[in-house]
Structures are given as C-alpha cells and as structure tokens.
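Undergrad: sequence first, predicted coordinates after that:
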Amino acid sequence: MKTRLATAAGAAVLTAATVLGAPAAGAQTAAYPTTPITGVSYGASYVSGTLTWYNRSVGVDGALRAVGCRRAWVGTYDASGSLLGARSTSTKCDVTYSLDDFPSVPADVPGGAAYVVVCLDDASASPLDCEPFYRP
C-alpha cells in the first residue's frame, strides 16, 4: 500500500514539475516600443534617429548634424510635465556626430516617461528647435 501511494505521489510531483517548468506555448519577449526622431532642425543642422522607450529610461540612437556649432539635448517628462531627466552632447562643430553611444535618459517613475523633448541647441545650449515625442 505504501509503495503504491509513494509511486502515485512521485508521479504527480514529476507531472507537476514538467507542466510548471515548461514554457508557455507561443510566449515571446515583447520588443520595447520605438519612435522615430524627425523634424528637429535648424537650417542645415538636425537631430534624427530613434527613441526606444524602456520601463524607466529612454534610449537614443541616431545622429546630430552640426553645421556651425550645435548640441543635441533630450529630456524625459512624466504625464504632468515634470522633467524626469536630461542628457546632452557636448558642442559639436561642422560634423555629423553619432548618437548611438548617447547614454539612456533617466525616467525613473513607474511606467517610465510619458513623452520626450528633443532639442537642437546652439553652442551656448540655447534651444534653436525642440520637438515633443509621445510614448506609443
């Protein structure tokens, strides 16, 4: 009797472990949403690329095209318009500068940033053009 009970209990534990340890059918990791950076320009200078919306930060990839001396600035905001974090490049002159190594911009609140503002600044960090981009 004890042998049958132990065998039945052992089989139930193995079945449960197999079912619980198996990955869900069709389960995949969802990609983070992205938004193209467009329309941020002043004369022949521009900022272009892609924003990647993470849970508590926003990634920036792309380029700063500086004709004369320019800077790129990116700020994250919550839904009420409070600034969560900001990053900028140093001043770049007469060059196309890659933003692919631009550090992620903090947005350390539940759900992350509601929107981002991308600015093209002059050499003194005064905005020449700024555009908002909303989380998809």
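TA: Perfect, I can see it now.
Undergrad: hey, let's count contacts and neighbours off CA atoms from now on
TA: Will do.
Undergrad: check which helix or strand the nearest residue to Phe102 once chain neighbours are set aside maps to.
TA: Distances taken as C-alpha to C-alpha, 6 or more residues apart in numbering put Val60 closest to Phe102, at 6.2 Å, once the chain neighbours are dropped. If you go by DSSP states H and E, Val60 is part of strand 57-77.
Undergrad: correct me if wrong: the residue nearest to Phe102 contacts Ser48.
TA: No. Counting by C-alpha atoms under 8 Å, Val60 does not reach Ser48; the two are 9.6 Å apart.
Undergrad: so these two - more neighbours on which side?
TA: Val60 (25 against 21; other C-alpha atoms under 10 Å).
Undergrad: what residues are up against the more buried one?
TA: Neighbouring residues of Val60 by C-alpha atoms under 8 Å, 6 or more residues apart in numbering: 49-52, 99-100, 102-105.
Undergrad: return the per-residue confidence for it.
TA: Model confidence at Val60, given as pLDDT, is 98.
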